[in-house]
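S.K.: the following block contains a protein sequence and its predicted model.
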There are 6 protein chains.
Amino acid sequence: DFLNALTEVKPAFGTDDAELETAMTYGIINFSKNIEPLLNDGMVYVENVRKAERLRHLSVLLHGPAASGKTALAAHIALKSEYPFIKMITPAAMVGFRDEVAKKDYLHKIFTDAYKSPLSILIIDNIERIIEWNPVGLRLSNTILQALVTLLQAPPPKGHRLLILATTSQRSVIEQLDLAGAFDRQIPVPAVRDTQELKEVLKSVGAFDGNRQDIEEAVNMVVESNANGGGAVGVGIKTILTIAESAKFSAQPSQWFADQLASQIARYSPHSS
Amino acid sequence: DFLNALTEVKPAFGTDDAELETAMTYGIINFSKNIEPLLNDGMVYVENVRKAERLRHLSVLLHGPAASGKTALAAHIALKSEYPFIKMITPAAMVGFRDEVAKKDYLHKIFTDAYKSPLSILIIDNIERIIEWNPVGLRLSNTILQALVTLLQAPPPKGHRLLILATTSQRSVIEQLDLAGAFDRQIPVPAVRDTQELKEVLKSVGAFDGNRQDIEEAVNMVVESNANGGGAVGVGIKTILTIAESAKFSAQPSQWFADQLASQIARYSPHSS
Amino acid sequence: DFLNALTEVKPAFGTDDAELETAMTYGIINFSKNIEPLLNDGMVYVENVRKAERLRHLSVLLHGPAASGKTALAAHIALKSEYPFIKMITPAAMVGFRDEVAKKDYLHKIFTDAYKSPLSILIIDNIERIIEWNPVGLRLSNTILQALVTLLQAPPPKGHRLLILATTSQRSVIEQLDLAGAFDRQIPVPAVRDTQELKEVLKSVGAFDGNRQDIEEAVNMVVESNANGGGAVGVGIKTILTIAESAKFSAQPSQWFADQLASQIARYSPHSS
Amino acid sequence: DFLNALTEVKPAFGTDDAELETAMTYGIINFSKNIEPLLNDGMVYVENVRKAERLRHLSVLLHGPAASGKTALAAHIALKSEYPFIKMITPAAMVGFRDEVAKKDYLHKIFTDAYKSPLSILIIDNIERIIEWNPVGLRLSNTILQALVTLLQAPPPKGHRLLILATTSQRSVIEQLDLAGAFDRQIPVPAVRDTQELKEVLKSVGAFDGNRQDIEEAVNMVVESNANGGGAVGVGIKTILTIAESAKFSAQPSQWFADQLASQIARYSPHSS
Amino acid sequence: DFLNALTEVKPAFGTDDAELETAMTYGIINFSKNIEPLLNDGMVYVENVRKAERLRHLSVLLHGPAASGKTALAAHIALKSEYPFIKMITPAAMVGFRDEVAKKDYLHKIFTDAYKSPLSILIIDNIERIIEWNPVGLRLSNTILQALVTLLQAPPPKGHRLLILATTSQRSVIEQLDLAGAFDRQIPVPAVRDTQELKEVLKSVGAFDGNRQDIEEAVNMVVESNANGGGAVGVGIKTILTIAESAKFSAQPSQWFADQLASQIARYSPHSS
Amino acid sequence: DFLNALTEVKPAFGTDDAELETAMTYGIINFSKNIEPLLNDGMVYVENVRKAERLRHLSVLLHGPAASGKTALAAHIALKSEYPFIKMITPAAMVGFRDEVAKKDYLHKIFTDAYKSPLSILIIDNIERIIEWNPVGLRLSNTILQALVTLLQAPPPKGHRLLILATTSQRSVIEQLDLAGAFDRQIPVPAVRDTQELKEVLKSVGAFDGNRQDIEEAVNMVVESNANGGGAVGVGIKTILTIAESAKFSAQPSQWFADQLASQIARYSPHSS
Ligand SMILES: Nc1ncnc2c1ncn2[C@@H]1O[C@H](COP(=O)(O)OP(=O)(O)OP(=O)(O)O)[C@@H](O)[C@H]1O
Ligand SMILES: Nc1ncnc2c1ncn2[C@@H]1O[C@H](COP(=O)(O)OP(=O)(O)OP(=O)(O)O)[C@@H](O)[C@H]1O
Ligand SMILES: Nc1ncnc2c1ncn2[C@@H]1O[C@H](COP(=O)(O)OP(=O)(O)OP(=O)(O)O)[C@@H](O)[C@H]1O
Ligand SMILES: Nc1ncnc2c1ncn2[C@@H]1O[C@H](COP(=O)(O)OP(=O)(O)OP(=O)(O)O)[C@@H](O)[C@H]1O
Ligand SMILES: Nc1ncnc2c1ncn2[C@@H]1O[C@H](COP(=O)(O)OP(=O)(O)OP(=O)(O)O)[C@@H](O)[C@H]1O
Ligand SMILES: Nc1ncnc2c1ncn2[C@@H]1O[C@H](COP(=O)(O)OP(=O)(O)OP(=O)(O)O)[C@@H](O)[C@H]1O
Ligand SMILES: [Mg+2]
Ligand SMILES: [Mg+2]
Ligand SMILES: [Mg+2]
Ligand SMILES: [Mg+2]
Ligand SMILES: [Mg+2]
Ligand SMILES: [Mg+2]
């Protein structure tokens, strides 16, 4: 009757594979030795919730710099889990609601839906946006925050199991809000650290039409424009991939790529602010 | 007519034994010499309210670090009391309400229900969450707070008796809010203090399939990774029990257990922040 | 037609003797030389309002430490007044109202009721709670506060007389709020000051089954555990009376009493904070 | 048709002589050489508004310490004016309104009523209370404040004339709020300054059954208890008059009077705070 | 069809000449060499909006001390423009609205009305009051402010032209609010600077029944009472004119005038605060 | 069916060419060597969104000093794009909405409309005004801000492409609000930097009836009045163009122009504040 429950749930909610795949436009590139352990950890939690006798419920926070691939990784783990119920809660899905109460009710509704399946994954994407965080005046929706903290910790009904994967690029805010304490586990997601990893990314994605020399040239130009010297990069993989995509439309793709990336490196570099 | 009243109350509200037992998934382990006196104190208050001529009403606060077992202990005391009416008020039960007024009304309703029984226990779990406390901007629901302070102190109607057990892991917040003054008694709940107590917990719960050598090994590894040296632990029992449960799904259970626990010890250690 | 008015009023509102007596569970113990003058003052104001030609209206604030007996003393004065209309306004009676406007209207309604009687006493118990005071963020209901200040000062209609007795344990808050200025007179209510007064209280209430030796022993133990030395107590009489009542259920009543009381003394002692 | 307009207005609103006289329970005592010029100033403004060609509108603020007689003086001036329309706006009349908007509308309504008479006086009593001022958190009703500032300055319709007399004991608050600028003229109201003036007050009101010796005795005792030495008093006349009235019900009237007054002097003395 | 549009607009809104003239009770006195250039500037903007090809829209701020004649000057310019549509938006007209949204809608409505005329002037009087500015707590209506900033800058529909004249005596507030940036031009309005200008004002208005000697005497007394010495005045013309008007009702007009004016000079003098 | 979709969309929303052209009253003058690259960048993003396989969505922020031409440049790029759907969201279009929720819904509606076209441009003009930013009290609409951040980042539905051009003159505010991070690209818009560029502007627009000598004279007078010396200007092109237009109505156009411009230079010069 596992399959039965699955069928029962699917039509109404089920797993929205399309949405999950949209979150991984460029696939998952194995650009660093951190990626695999990180995915393994994710799968351990998947197995935990699926099988552990007295642990039917886990909440996991994926945190890392902007554009580092948090959403894609959460989607990837969820897809690989093959759980019968997978749902992604995004800020975009909440724009249409009238106010914080309506948003809170939506959040609650999704959890209630998940509780109907024997085995569920909820992805809560960009939680600082979900709680309407705004650093000016320390604004946020306390209504949504309280519901979120409570729902992250509440056990699902007897006989049901739930894994929650949430993402954020504002970990220090999450800590200040005592929201971090509501997560059972945390997974740090790294940026692309250095030119070695950068090359790996560009090769894997077939940048510059796969021309190795162009890649070398572009990476060299990045190193040269790097005010902080060295091969440090520290930029999220999504940023790198979209700049590479844009570069195709420029007159001088590798130069344009290097300029844009250098300015991003400067922006996120700790010495430059 | 005591039994009568009991019967009258039961169908509608009564004691939700299942919910109370869910709060004690791993039972109550006698891991420290503090546990017994603490439970005895709880039972003294139970007897007080049951029998004292001019003390028909007591409010007791169980406070201690996160995951230290506050909710389980409150549930345990309530179950042992054999009072005819026992009810647990949790943040999760309040998520569905529209706003603070609806939550306040719910709280009030539960007290009114309790007043109908000659002898009642109310558990108010996680009061900082009930009042929607948020450290950023010192947000909270003053509506709920005022109702809570008032209901904690209000005597039940003539001929009725009420014991309130509340839990919190934010005692200093409770003090700042003048909420502590609304409690007649306080019970401090300790974390697992040292490796001695830690071993006791692991043995009692049958961790590592009850393999004593694995337990020794795991505890030794914890000591080694402890940056602060010594055998200090300072982590709540729930955290220890769930890490042990998770460890089963890892390739190297005792190593994994030690790593995870060491990071928890570092997190809660006063020297590490 | 004085009696007439009285009859007219009684059925609907009248004097709620039962409620007033509930406020004096342990009676009024003459434990200190301050009690009598304090009660005399109260009775002078009662006579003032009853008879003075150009003083048909007085508002009096009873202030003192927590549990010092403010409510009991107000109830006692009211009962002794034999006024035809006596009403007590408590925070508990206001919990059920939707919001501050509903509470303000209730307050206003009670005053309007009182204005119908030729001679009335209103007890407003715990005014910091009535105005929903919360020290964190200096929260309060300005709606209720403004109504309260205004109603405390407004003269009753021609031919009607009103005495208001209010209580608070937060006098400094009341001063800050400019609320103190709305009272015509103030009565300070003292805590139990020293072991001499403490013994008096325990004897009067028949603590330890009236066993004088047990009382001496208990008091001696209190003195010994007193970190600040000397025979200073500084704890409200209600606290002392309820600890004595509880002690009966303990294995070692006098020891338990001394421990509990010592911790209360430490809590309220100026040196201990 | 002046009389006509008057008749038209009277039934609905007109001059509430009774209310004005209630504000002067003890009449106006000429206890200081400041009283007469102050009243003269008031009458000059009355004549101004009645006759000046290009000054059909004046707003005057009476400010002074608590209980100094501001309301009585405003009522006195209004009664002496013999204007056809006189209305007093008090905080008490506003308690019943739901919220600040309803209060603002009431204020507006009274002004609109006044505009219907060719010649009107409005007394706005205790403006800090009307605007719901609360020093904690600098709370106030900006809705009422804005309406008040605007209505104080707005010219009445052509052919109509309006004198506004407002009172406050919080002049510095009024200044901070830029509300003082909305008044065309200000009249300071003094407290009873010294024992000379105090004796004058007691004699005029026939205190101590008019017994001169008792008055001397009482005043001497006041001087003796005065910590700041000298014959300074600095207490409002209403306070003095009501203490004298109360004293009659005490066993030792002059002693009781002196004690009470001395404590009031201490309270308002600049050195004592 | 210019005349047509004009006719269409007039009945409903049109130019309220009476209201504009009320704003100039004492006419415009040419008391200083600054008045003429200031009026010229105003008329240049009038011609600009009437004729410039690519400048169909201008917003002008008249700012100056209290009572300096800002409203009268705006009314004067508007009357002289002979534009078919002239409307004055005052705080008094907004008192009756329920809340800031209703006020904002009214403001918007007036602009929409103006857009229907080919050529319009809107006077927005006392903008700090329109936006409900209150210095305590930096209160204001952001709803009205945002609408005002937007409407000041929004171009009227094609074929329509609009000149906006706004007044304020709180220029620094307007700057802080970034509201100053919404004005295309600013016109500073001066106070009456010295005794020379003061005499000019008194002569022009025929003060003291036109008696030159009385004027000299009064001005001399002002100089004498001036604590800051010299002939500096620094008071708005409206204040001077109304004091002169009031003085007629005093026993000693020139003395009374000098006293009152001296106190005003002290109030606004930079050295006196 | 590209044309089909276009036709389907056009009648209801389509491109409002008239509104875009109104935003460019004076055309686009090539006064500096920065203008062309800036426009080229804009067109690269246009092509990117039109054609890039994995980049169907870009958000671009045009930021620069007040009046520097941000809106005109965004309109120019949009018009040149020849996209089938172009829509401009302005603060003026939002004035009529009741509250922030209604404004947020309007914003959301426009995005939803854009999503129906295969290829759309949205111009969001003056985003600090759209979010109701007010520096006093750091006020803003968090409701609108959260919707804006989310909509800027949300990908359009499959098969649809969207380019967003937003403008602001408050870049530092945008950075503080974490709103800058929601933009994929930024385009800085410069002020008119020096007299060289100023002359270019005046010549191109045919100022002073195209009289070169008048232009020279005016520019020289500007240099002379420049307190900071040198030929620095630092004023937005719109300001220069409208002053030139106004100058025609002055008696001495070039003098008047120089005076006005000098005061603007002083206002925006970093040394003058
Ligand atoms: N190893 C990887 N980890 C994550 N994403 C990867 C990896 N390799 C390639 N990608 C691609 O990089 C992109 C990561 O974008 P994603 O939206 O997940 O980043 P993000 O951290 O969630 O960004 P944001 O901070 O904006 O939420 C995806 O398109 C994904 O397909
Ligand atoms: N001596 C003990 N005291 C308390 N709990 C114990 C004890 N021994 C075992 N347990 C188990 O430990 C767990 C304690 O979890 P519990 O939820 O009560 O902690 P908590 O302090 O309420 O946590 P939180 O701070 O999250 O509210 C329960 O599963 C309980 O069965
Ligand atoms: N002299 C006394 N004065 C006041 N109360 C007394 C006295 N003697 C005995 N009591 C008893 O002490 C108790 C005082 O409790 P009460 O509730 O009045 O204190 P309280 O100051 O109002 O407390 P709280 O600060 O909680 O409002 C009552 O039960 C009363 O019967
Ligand atoms: N010269 C006087 N001036 C004012 N009041 C006088 C004078 N002589 C006698 N009185 C009496 O003194 C009392 C003054 O009280 P009143 O309520 O006017 O004071 P108040 O300043 O308005 O007080 P509050 O600060 O409470 O508003 C009145 O009863 C009045 O009859
Ligand atoms: N040169 C002048 N400029 C302006 N007003 C003048 C002048 N000469 C005479 N007046 C008169 O002075 C008065 C100015 O009052 P007005 O209400 O315009 O001042 P205001 O600055 O708007 O005051 P407020 O600060 O209260 O708004 C008018 O009655 C006007 O007729
Ligand atoms: N190179 C140029 N760039 C931009 N605008 C130009 C240029 N040349 C001429 N203009 C004209 O300058 C004006 C620029 O005004 P615009 O409203 O775009 O400025 P803005 O920066 O949006 O101003 P604001 O800060 O008020 O929003 C337009 O009328 C435009 O036709
Ligand atoms: Mg993401
Ligand atoms: Mg718990
Ligand atoms: Mg009490
Ligand atoms: Mg008064
Ligand atoms: Mg004005
Ligand atoms: Mg613009």
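M.R.: Arrived safely, thanks for sending. Residues are numbered from 1 along each chain as shown, chains lettered A, B, ... in the order given. Ligands and ions are numbered 1, 2, ... in the order given.

S.K.: residues in contact with the residue of chain A found nearest ligand 5?
M.R.: Across chain A, the shortest distance to ligand 5 (CB to the nearest ligand atom) belongs to A:Gly137, at 33.2 Å. (Glycine included, C-beta is placed from N, CA and C.) When contacts are counted by CB atoms under 8 Å, 6 or more residues apart in numbering or on different chains, A:Gly137 is found next to F:Leu138, F:Leu140.

S.K.: and with 7 Å instead?
M.R.: With contact set as CB atoms under 7 Å, 6 or more residues apart in numbering or on different chains, A:Gly137 has these partners: F:Leu138.

S.K.: kindly report the same for the one 5 residues further on.
M.R.: When the contact criterion is CB under 7 Å, 6+ apart, the partners of A:Asn142 are B:Glu132, B:Asn134, B:Arg139.

S.K.: before we move on, the earlier item: next one: the residue of chain A closest to ligand 5 from ligand 4, what distance?
M.R.: 39 Å (CB to the nearest ligand atom, to the nearest Å).

S.K.: part of a helix, is that residue?
M.R.: Yes: under DSSP: H, G, I helix; E, B strand; the rest coil, A:Gly137 sits within a helix.

S.K.: ok, it to ligand 2 distance?
M.R.: From A:Gly137 to ligand 2 the distance is 30 Å (CB to the nearest ligand atom).

S.K.: all strands for the stretch 1-150 of chain A, in order.
M.R.: A:57-63, A:85-89, A:119-124 (DSSP state E, counting those that start in this stretch).

S.K.: who does the second one touch, helix- and strand-wise?
M.R.: Contacting strand A:85-89 under the criterion 3 or more CB pairs under 7 Å, 6 or more residues apart in numbering or on different chains; DSSP states H and E are the following elements: helix A:100-116, strand A:119-124.

S.K.: now the angle between helix A:100-116 and it, please.
M.R.: Strand A:85-89 and helix A:100-116 are oriented at 170 degrees to each other (axes from the mean of the first three to the mean of the last three CA atoms, to 10 degrees).

S.K.: before we move on, what about the longest one?
M.R.: Strand A:57-63 and helix A:100-116 meet at an angle of 130 degrees, taking the same axes, to 10 degrees as the criterion.

S.K.: what comes into contact with strand A:57-63?
M.R.: Outside strand A:57-63, the residues that touch it by CB under 7 Å, 6+ apart are A:45, A:48-49, A:70, A:73-74, A:152, A:155-156, A:161-168, A:171, A:182-189.

S.K.: for stretch A:153-164, same thing?
M.R.: A:45-46, A:49-50, A:56-60, A:114-115, A:118-122, A:124, A:152, A:182, B:92.

S.K.: over to stretch A:73-83?
M.R.: Counting by CB under 7 Å, 6+ apart, A:20, A:23-24, A:28, A:39, A:42-43, A:46, A:62, A:86, A:119-121, A:123, A:165, A:167, A:189 sit against stretch A:73-83.

S.K.: turn the contacts of A:Asn142 into a markdown table, columns for distance to B:Ile265, pLDDT and neighbour count.
M.R.: Output for the contacts of A:Asn142, formatted as a markdown table (distance: CB to CB, whole Å; pLDDT from 0 to 100; neighbours: other CB atoms under 10 Å in any protein chain shown):
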| residue | distance to B:Ile265 | pLDDT | neighbour count |
| --- | --- | --- | --- |
| B:Glu132 | 31 | 98 | 24 |
| B:Asn134 | 27 | 97 | 23 |
| B:Arg139 | 31 | 97 | 19 |
